[in-house]
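K.L.:
Need a 3D model of the following:
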Amino acid sequence: MIKAIALLARRTDLTRAEFVEYYENNHSKLIRSLLPQIIEYRRNYLDLDSGIGADGVADPDFDVISEFVFDDRAAYDAMLATHSRPDVRAAIEADEENFLDRTRTRMYVVDVRDS
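P.N.:
All right, here's what the predicted structure looks like:
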């Protein structure tokens with residue numbers, strides 16, 4: 001198994017509710033249809049009212065932590081290849097413009113450790 005996480009921020013003109021509604025009812029379905037290599041796909045929306053942090057630490061600059069799980073590195077690489085196809089990339093980027101501040105998007109492969 002391999003996991004990637006994306007830290008995504010909403011457009012400033014959208015409310016949190018509008019952001020969540022669009023992601024859940026539109027974008028997540030588009031991603032599922034275009035990137036079949038993803039075997040698990042979770043969206044973890046931040047609840048800033050319950051955050052715990054040191055005094056003076058700024059709020060996060062993202063609204064959701066999205067998780068993408070793949071069977072293995074080959075499946076992840078296949079997803080990247082699919083995503084890089086001009087038609088797929090264009091469809092995803094066009095839809096992201098509807099709800100994301102794409103200037104703050106970042107994604108990382110993570111090393112998952114269970115205890």
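
K.L.:
any idea which element the residue in the chain sticking out farthest from the centre lies in?
P.N.:
Here the chain reaches farthest from its C-alpha mean at residue 55, the gap being 28.0 Å by C-alpha atoms, centre = their mean. Under DSSP states H and E, no helix or strand contains residue 55.

K.L.:
quick one: it from residue 47, how far?
P.N.:
Using C-beta to C-beta, to the nearest Å, residue 55 is found at 19 Å from residue 47. Any C-beta I mention is one placed from the backbone N, CA and C, and that applies to glycine too.

K.L.:
Check the residue farthest from the centre of the chain and give its pLDDT.
P.N.:
Residue 55 is assigned 82 on the pLDDT scale.

K.L.:
swap in residue 59?
P.N.:
pLDDT, residue 59: 83.

K.L.:
nearest residue to it other than its sequence neighbours?
P.N.:
residue 48 (5.8 Å; C-beta to C-beta, 6 or more residues apart in numbering).

K.L.:
which stretches of this protein form strands?
P.N.:
Counting by DSSP state E, the chain has these strands, from start to end: 2-8, 40-45, 64-70, 106-110.

K.L.:
what is the orientation angle of the last one with strand 2-8?
P.N.:
Okay, so that is strand 106-110. Counting by axes from the mean of the first three to the mean of the last three C-alpha atoms, to 10 degrees, strand 106-110 lies at 160 degrees to strand 2-8.

K.L.:
was I right about residue 60 contacting residue 45?
P.N.:
No: assessed by C-beta atoms under 8 Å, residue 60 is found out of contact with residue 45, at 11.5 Å.
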